[in-house]
Each structure stands twice: as structure tokens, then as C-alpha cells.
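Student: quick one: sequence plus predicted model below, questions after.
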Amino acid sequence: MRRIGIIFSGGPAPAANAVITSCVMAFRRAGIEVVGFRHGYRGLMAEELVEDRDWFRFENHHLRGLRNRRGIIVGTARANPGKAIRQPADLEDADKSAPLARVHQALTSLGIDALVSIGGEDTLRTANLLHRFQRGLPEEAHRIRVVHLPKTIDNDYRGIDFTFGFFTAVDVLAKELLNLRADAMATSRYFICETMGRKAAWLPYGVAIAGEAHMVIGVEDVMGPLAIEGTTPPDSTSMPCAIALESWSKLAMPRAATTAQSCWPRDWPSCFPRISSPICLAIHTVTSRSAA
């Protein structure tokens, strides 16, 4: 390999620059040139690639102080060239696979031998589709190796112990939870804190432990009779909070009512009985897509 590309796609995550720095340094030490693609797949899907605007060559000055710098040096975006692909047969459809073809053509025009894909589940899917798309190309066509590096603060990736950014997210959220806990103790009130986490409760549980919450409810904790049906309002992307509230009232707090009203975040104060001790409760809700 003579030249590889690095792309970061999807939502930002802490430690992104540290990961990119390590990757770039490893390749450059091996004598391999590294190209950074700006703002995910957006530039690669365009009709024309413009140097500096859409891509750049990593040099020494790019790496100075980068490891601990906030942000993402290559930027990110949610452009998805595999969005129209729903089944393997779609890869043979010229219209549906056109964005993937443009990405392949752009990478080939720059002489990219391999692509390091950094992102979450959707980016992993895109990386896999780009690999599978190349199977259908003529034998003489240029092949680009694709390697995916998992990224998510939710740590909900199978096959890897911890994803980068997870511990930083826990630390930041835990500090906020400790601040709320101090207010709760000072005012004899309670706070309900909703965290991210998507399909796994790693994040809320880590935050609850580090932030000294009185209780934590993760998506895995709600099952059987505790899982109640509900309808998501048009302006909301979360599952009904009544699921978490029902679990809280039945399982955890002896001073709470035996049942909880079905309510949304704006109505939470009216859903809880007044209690005599401060409470800090970490609730993890998932999006309707994740719940499917």
C-alpha cells in the first residue's frame, strides 16, 4: 500500500483526534501516505473532489498537539452513500448503488489503496456495503481495502470491550449528576436524569455509579409486566417515559406510589409523589428506532 484514506462519519465522539493521530502516525512511520477526507462521505459523494476543501494530505504540522485537541480534525457528517441499499440485490441496481460508485471512483482517482472508516453502526454498514459493492466490479477494476474502527459513546458494540469516547462521556455526565445530587440534598428535592445509551445501558450505569445516583434504570431492566405499551407523540423520538416510571414505582422506592401515571417529560413533576429524602434517578430511554 502506498496511500490510505481516513474518514470519520456520524456523530462526534471524545478522543476522535487521539484515534486519528495514532492511526496517521502508524501509517506514516511505515512510509505510507495518509489522506484525510473532510466531513464524512459528503465530499466523496460530490461530482468533483477539491483538494483542501474535500481532502488533504496529513503532514507533521497537522499532528502537533492534535492528540488532546477537542473536535475532529477531518470533520464529520451524516452523508450515507449506502442509504438506498436495503437488500443485497440493490447493489446490482445502478441507480441505488450510484452513490457507492461515486465514492469508489473518487477514492480510485486519488490512488487510495485502503480506507480507514471511523464511525458507529451506520458507518460500519456503509463500510461493509462499499466492500461488497466492489465484488461486482470487473476483475481489472481497482480494489480498495476497507477497515472499520468502531466509534460510539454508548459502548453498544459487540466484539469490542470498550469503544473510544465512552469513558469520557461517563466522566462528563457523572460530574453533572454530582452537581444535581448536591442540589437535591440541599433542597430536599429529586432529579430525574435521562442519558443516552441507545441499545445498551452501559452509559447510564456508568454514570449512575460514578455520579452516585440512588437508582438507575436501563433499557435491559424493563421487561415482562413492567414493559407497558404506549404511543410516541409526534414531536418526540423517545419511547414513552411511562415505561421507566412504571418500573421505578414498582421496584425501587417504598415511599412512592404503587403505580405511576403514564406521562411525558413535561409532566414528570405531577407523576411523582412527594418524598422525604432527596433522589437522583438515572433513566435510560431509547429511540423508537432502537426499540424496534
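Tutor: Noted; the coordinates are in hand. Numbers count the residues shown, from 1 in each chain.
Student: any idea how far Leu180 is from Thr187?
Tutor: Per CB to CB, to the nearest Å, Thr187 is found 11 Å from Leu180. Using the backbone N, CA and C atoms, a C-beta is placed for each residue, glycine as well.
Student: how about Glu121?
Tutor: Here the criterion is CB to CB. By it, Glu121 lies 30 Å from Leu180.
Student: check Asp90 too.
Tutor: Applying CB to CB to Asp90 and Leu180 gives a distance of 47 Å.
Student: higher neighbour count, these two?
Tutor: Remark: of Asp90 and Leu180, Leu180 carries more neighbours, 18 against 15, as counted by other CB atoms under 10 Å.
Student: hang on, isn't that one packed against Cys193?
Tutor: Yes. Between Leu180 and Cys193 a contact is recorded at 6.5 Å, counting by CB atoms under 8 Å.
Student: would you state the strands of the chain in chain order?
Tutor: Secondary structure of the chain (DSSP state E): strands at 3-8, 33-37, 55-57, 114-119, 145-150, 190-195, 215-217, 279-284.
Student: is it possible to get TSV of these that adds mean neighbour count?
Tutor: Output for those, formatted as TSV (neighbours: other CB atoms under 10 Å):
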stretch	mean neighbour count
strand 3-8	23
strand 33-37	21
strand 55-57	17
strand 114-119	23
strand 145-150	17
strand 190-195	19
strand 215-217	21
strand 279-284	24
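Student: a markdown table for the ones you listed, including distance to Phe27 and mean pLDDT?
Tutor: Listed next are the strands of the chain as a markdown table, based on distance: least, CB to CB, whole Å; pLDDT from 0 to 100:
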| stretch | distance to Phe27 | mean pLDDT |
| --- | --- | --- |
| strand 3-8 | 6 | 97 |
| strand 33-37 | 5 | 98 |
| strand 55-57 | 12 | 97 |
| strand 114-119 | 9 | 96 |
| strand 145-150 | 11 | 95 |
| strand 190-195 | 36 | 86 |
| strand 215-217 | 41 | 86 |
| strand 279-284 | 38 | 48 |
